[in-house]
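> my questions concern the predicted model and sequence given below.
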Amino acid sequence: MTRALVVYPNGFMEEVDLEGYEHLKTLIGGMLEIIRFDDDTWVYIDDEGKFKRPRKINGVATAIATMLRAGLAEDDYIVGTAVFVGPADRNGDETNCPDRMFAFQVLYQSLCPQITHNGE
């Protein structure tokens, strides 16, 4: 299993153990697109998220991507659930999300304790 940080559109974040491709696809809710932030952090998002209605902009994942200089255009944003992992290993399997990413979870949830998980 791979340790991942899941960021939902409502701002809730949780650590999950990914159980493979189908689990990842279920969390994302669509076709997978990957954004590489740097050498040790990748994020999976819904490739078709911007075409779905209602559009659920993920402000927290967008802010993290912006801070990590993910290469998003100034007016670009992430829609839907985002799943942060480490880069693929030699076999093409995801590696664990870097520990530094979980600092975002601790900080954000200490500032916004009212955010609870409802899967959106």
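Ah, there it is. Numbering: from 1, shown residues only.
> make it CA atoms for all contacts and neighbour counts henceforth
OK.
> just want the phi and psi numbers for Arg55.
phi -80, psi 120 (degrees, to the nearest 10).
> that one contacts Val79, doesn't it?
Yes: contact criterion C-alpha atoms under 8 Å: Arg55 and Val79 qualify, at 6.8 Å.
> neighbour-wise, which of the two wins?
Val79 (23 against 12; other C-alpha atoms under 10 Å).
> where does the chain dip in pLDDT?
70-71, 108-120 (pLDDT under 70).
> if we can go back for a sec, pull up the overlap in contacts between Arg55 and Val79.
Jointly contacting Arg55 and Val79 under the rule C-alpha atoms under 8 Å, 6 or more residues apart in numbering are Gly49.
> name the nearest residue to Thr95, ignoring sequence neighbours.
Spatial nearest neighbour of Thr95, chain neighbours left out: Gly86 (4.6 Å); criterion: C-alpha to C-alpha, 6 or more residues apart in numbering.
> same check on Met101?
Leu5 (7.5 Å).
> and the helix or strand that contains the one you found, how far from the chain's centre?
Taking DSSP states H and E as the criterion, Leu5 maps to strand 2-7. Mean-position distance between strand 2-7 and its chain equals 7 Å (C-alpha atoms, centre = their mean, to the nearest Å).
> which of the residues in it are buried?
Under the neighbour-count criterion of 16 or more other C-alpha atoms under 10 Å, strand 2-7 has 3-7 buried.
> show me what the helix or strand just after it packs onto, helices and strands only.
As assigned by DSSP H and E, the chain's next helix or strand after strand 2-7 is strand 13-18. Under the contact definition 3 or more C-alpha pairs under 8 Å, 6 or more residues apart in numbering; DSSP states H and E, strand 13-18 sits against strand 2-7, helix 99-111.
> just after strand 13-18, pick out the following helix or strand.
Strand 13-18 is succeeded, C-terminally, by helix 21-28 (DSSP H and E).
> counting by contacts, list what that next one packs against.
Checked by 3+ C-alpha pairs under 8 Å, 6+ apart, helix 21-28 has strand 42-46, strand 82-88 packed alongside it.
> counting contacts, what elements does the helix or strand just after the longest one pack onto?
On the C-terminal side of strand 82-88, the closest following helix or strand by DSSP H and E is strand 94-95. In terms of contact count using 3+ C-alpha pairs under 8 Å, 6+ apart, strand 94-95 is assigned the packing partners strand 2-7, strand 82-88.
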